[in-house]
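J.: sequence first, predicted model second:
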Amino acid sequence: MSCSVSIDLHEEILTAAIRGKIDGQSAPGLQLQLLEGLGSAASAVLDVQGVSYMSSAGFRMLLLLHREITTRHGRTAMVGLSEDVRDTMEMTGFLDFFLLFDSVEEALTQVRHHANLDAATR
Amino acid sequence: MQTLMLQRVDAYATRTIAGMSVRAGRVFPFGATLVAGGVNFSVFSRHATACTLVLYEKGAAEPFAELPFPDEFRVGDVYAMTVFELDHENLEYGYRMDGPNDPSEGHRFDPSVVLMDPYARQIGGREVWGQTPDWDQAYQHRSQVLQDDFDWEHDRPLELAAEDLVIYEAHVRSFTQHPSSNVRHPGTFAGLREKIPYLKSLGINCLELMPIFEFDEFENSSANPANGQLRYNYWGYSTVGFFAPKAGYAATGPLGMQADELKTLIKDLHRNGIEVMLDVVFNHTAEGDHRGPTISFRGLDNKTYYMLTPEGYYYNFSGCGNTLNCNNPIVRQVVLDCLRYWVSEYHIDGFRFDLAAILGRDPSGVPLANPPLLESLAHDPVLGRTKLVAEAWDAGGLYQVGSFPAYGRWAEWNGKYRDTARKFLKGDMGQVSEMSLRLQGSPDLYYGRGTAASINFLTCHDGFTLRDLVSYNEKHNEANGESNRDGANDNESWNCGAEGATDDRLVESLRLRQMKNAATLLMVSQGIPMILMGDEVGRTKQGNNNTYCHDNELNWFNWWQVEENAELQRFFQKIIAFRHAHPVLRSRDHLRHADWVGSGVPDISWHGTRAWEPDWSALSRVVGLLLGGHHAKGGTVADDDVYVASNMHFEALEFELPRPAEGRQWHVAVNTGVPAPGDAHPCGEEPMLEQQDRCLVGGRSVVVLVGR
């Protein structure tokens, strides 16, 4: 497989470090792993620093994950998006759906902060 | 919560062909569609005797599989097959069609050629604009499979009232290709998206894009004898695939994401209140005449798709070699499917049909009284709120401005507006009477169809830009390499005293004034105004009135001119804002020349240098127009009165003014006879006219007053 993922669950937030290429070949398997890893968690932080290439299928897989997370009132954050991938996502409208951060720690802090705010307003 | 769904029985293959797992496919929809576990392929041919599906890896010279359709995979004239376990992202496909090759009977089947799917929703082979194709590759325009699941969120077509539109006609590449554009991806949908704030600040609310269906910029490309540069099929009025956006217009074309990039642009334009209208070319295809390439239709079913002479040659009502057989029921369905697809899948707001008179001809070219295609489009449920605009003429001499079969739906590019306004603007005699018709939405042409049946314009991609209209008496098309023989000769232009560029300041200031006059006349006319890209900043094509082949400054928008010609650009902003601010300029129905709300001022009335005495004589060059604000939008909304005094005489004239409605006084909104900032005042800040009963209007100037 052209892509691997290591998964961790921190206080209702999935953290997934993805490496390799996310394309039509690898996206379906990756999606299954991420959904399983998500379990009953509400939000996800995806560390994509190690992702060298993402195709249309890759973006769609991430958006599908985000849609699942939205039904749980969670947030989807991405960390370490390369400039090229970010540019493509910007032009094709995928970027709008995700929160972007430079580090996993920062992403976790912000996603937790959002979750607390949501809980307070609910 | 995850919901478990029972898998479909037809998600399993029934047999193997050429090593691929397949089953009999579904005939609808035509084209390649993602289905459970595979891709469904469906293609029509009435006269073929056999069909083979050809599969490639992306960009590969040779196919990895060829799958002949078994007999039981054909239903009627449709070949359909589902192929499983395909990596659709990395797939290209085509068809080989066998059948008679007898041109005198209209058949040109050739199974040695791999054909593009006419329903292909994504097409490879020209992913990067201008990148020289590999001509050794046999299969040039390559059908691909599109995952069309874009997340539109809450977007939909805007459905703005047609009479409220201000259209801006632009070319995707030309808009941002110039180095001055400062966008990250020049010449693309993404580049255009970066310029939305500019369009919004200009005030337009409908962007009409010159062709964006897949075309081949290298079609008939050749070195220009004038300068050695390559001449392209630059504008793109020659369709390769009707269902696919031009890949070379997307920065993400090489990633196969052109559909997402275009949809993101459209979604963002909608978010900013701007509709999207597409210029569509259904009159002919990129296959040319019998000497042209076989890309798709010719090899699939020549006799169905093209209008053929009794000898089997191509009728040429388009001037481009062939004519699509639009009123054949099969072809009619292709056009309908195509437009429905663009409206439902891309959220397109309207279409402008290139050489639309052709769409009303029967298979032998005879104009029909009740053309089935035009009727179908007018009554189609999916297109029910879509704007339909006809270029109501063709290259075969059929001219239908004012008589295009409208079915209460169709609007037209009003060629007579363009011609009359140009003549009036340059001070021709004998134009006042016809100009008054054009100012009120051309009731002589469109009475009963409403003012919005008239798309008013002075300039469009064909012909001079506005700046060139006031800078050249003659066309200067030498750069096209045809010794200035191409392009129209009747431009109704006037150079204001010097041909082309000049440092004569008097000439230059007159040109600026004439451009402001043109913009003002356009924006105060009932009907839908259309502006050509760049006219607001004085874009020049150096007197060339037919720049279809130039990928250079002759077509590109020069963004430095926004600064250089800031006075003109600000004038355009203000006059467009003036139109938006005054519903009295945007009546849906034609005006009645009566005070039917009892306001003391008729809905529309005409004046000359004496109030209430229009001068319709042949020698006259003046017209005064008064619109009664209480009649705005059929008397349903309140507006100021608007008075427009147009003096196209070369000398200043004093106009006696009609009175505005009781309790109102005249304020000066626009006076093109004075330099900025006095030429146009922001709405609400118009200074009151000192003498309320008269107004001096400079030579070749327009004054607009508001009564409030």
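T.: The structure has been received and is ready for your questions.

J.: what's near enough to touch B:L521?
T.: The neighbours of B:L521, taking C-beta atoms under 8 Å, 6 or more residues apart in numbering or on different chains as the test, are B:A421, B:F424, B:L425, B:L439, B:L458, B:S646, B:V702. To be clear about C-beta, it is placed using only N, CA and C from the backbone, and glycine gets the same treatment.

J.: show me which residues of chain A are close to chain B?
T.: The interface of chain A toward chain B, taken as C-beta under 8 Å from any C-beta of the partner chain, is made up of A:23-25, A:55-57, A:59-60, A:63, A:87-88, A:90-94, A:97.

J.: so which helix or strand takes in whatever residue of the stretch 101-250 of chain B ends up closest to chain A?
T.: For the stretch 101-250 of chain B, the residue positioned closest to chain A under C-beta to the nearest C-beta is B:A190, at a distance of 4.1 Å. With elements delineated by DSSP states H and E, B:A190 resides in helix B:189-194, which encompasses its position.

J.: pull that helix out as PDB, backbone CA atoms only.
T.: What follows is helix B:189-194 as a C-alpha-only set of coordinates in PDB (Å, rounded to 0.1, in the frame of the first residue of the first chain):
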ATOM      1  CA  PHE B 189     -10.600  29.400 -13.300                       C
ATOM      2  CA  ALA B 190      -8.700  29.800 -10.000                       C
ATOM      3  CA  GLY B 191      -7.100  33.000 -11.300                       C
ATOM      4  CA  LEU B 192     -10.500  34.400 -12.200                       C
ATOM      5  CA  ARG B 193     -11.800  33.500  -8.800                       C
ATOM      6  CA  GLU B 194      -9.100  35.700  -7.300                       C
END
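
J.: ok, B:D615 to chain A distance?
T.: Summarising the geometry, the distance separating B:D615 from chain A, computed by C-beta to the nearest C-beta, to the nearest Å, is 57 Å.

J.: how about the secondary structure of the closest residue to B:E311 other than its chain neighbours?
T.: Leaving out its chain neighbours, the residue that sits closest to B:E311 by C-beta to C-beta, 6 or more residues apart in numbering or on different chains is B:S104, at 6.2 Å. At B:S104 the chain is in helix, as set by DSSP: H, G, I helix; E, B strand; the rest coil.

J.: I'd like the next helix or strand past the helix holding B:A190.
T.: Going down the chain from helix B:189-194, the next helix or strand is helix B:196-202, by DSSP H and E.

J.: what comes up buried for that next one?
T.: Buried positions in helix B:196-202, judged by neighbour count with 16 or more other C-beta atoms under 10 Å in any protein chain shown: B:I196, B:Y198, B:L199, B:L202.

J.: other SSEs contacting the strand ranked longest in chain A?
T.: Secondary structure of chain A read by DSSP state E shows that its longest strand is strand A:43-54. For strand A:43-54, the packing partners by 3 or more C-beta pairs under 8 Å, 6 or more residues apart in numbering or on different chains; DSSP states H and E come out as strand A:13-22, helix A:56-71, strand A:76-79, helix A:83-91, helix A:104-121.

J.: please redo it, this time with the cut-off set to 10 Å
T.: Other helices and strands packing on strand A:43-54, by 3 or more C-beta pairs under 10 Å, 6 or more residues apart in numbering or on different chains; DSSP states H and E, are strand A:3-10, strand A:13-22, helix A:27-38, helix A:56-71, strand A:76-79, helix A:83-91, strand A:99-101, helix A:104-121.

J.: what angle do the second one and strand A:3-10 make?
T.: Think strand A:13-22. Between the axes of strand A:13-22 and strand A:3-10, defined by axes from the mean of the first three to the mean of the last three C-alpha atoms, to 10 degrees, the angle is 170 degrees.

J.: strands paired with strand A:13-22, and their directions?
T.: Based on DSSP bridges, the strands next to strand A:13-22 in the sheet, each with its direction, are strand A:3-10 (antiparallel), strand A:43-54 (parallel).

J.: likewise for the fifth one?
T.: Next to strand A:76-79 in the sheet, as set by DSSP bridges, lie strand A:43-54 (parallel), strand A:99-101 (parallel).

J.: tell me the pLDDT of the residue nearest the centre of chain A.
T.: Computing the C-alpha centroid of chain A and ranking residues by C-alpha atoms, centre = their mean puts A:L46 first, at 3.7 Å. The confidence metric pLDDT takes the value 97 at A:L46.

J.: now do A:R122
T.: Predicted confidence (pLDDT) for A:R122: 67.

J.: now do B:H580
T.: At B:H580 the predicted local distance difference test score is 98.

J.: would you map the strands across the stretch 1-150 of chain B?
T.: Assigned by DSSP state E, counting those that start in this stretch, the stretch 1-150 of chain B shows strands spanning B:15-17, B:20-24, B:31-35, B:38-44, B:50-57, B:65-68, B:74-75, B:78-84, B:91-98, B:101-102, B:107-108, B:122-124, B:142-144.

J.: looking at those, which is nearest to chain A?
T.: Using C-beta to the nearest C-beta, these put strand B:91-98 closest to chain A, at 9.1 Å.

J.: from memory B:M97 sits against B:T52, does it?
T.: Yes - B:M97 lies in contact with B:T52 (C-beta atoms under 10 Å); the separation is 8.0 Å.

J.: overlap in contacts of those two?
T.: Contact criterion C-beta atoms under 10 Å, 6 or more residues apart in numbering or on different chains; residues shared by B:M97 and B:T52: B:Y79, B:P111, B:V114.

J.: nearest residue to residue 101 other than its sequence neighbours?
T.: Just so you know, I chose chain A. Distances taken as C-beta to C-beta, 6+ apart place A:A107 nearest to A:F101, at 3.9 Å, with adjacent residues excluded.

J.: actually it's chain B I care about, not the one you picked
T.: Once flanking residues are discounted, B:N101 sits nearest to B:F109: 5.3 Å by C-beta to C-beta, 6+ apart.
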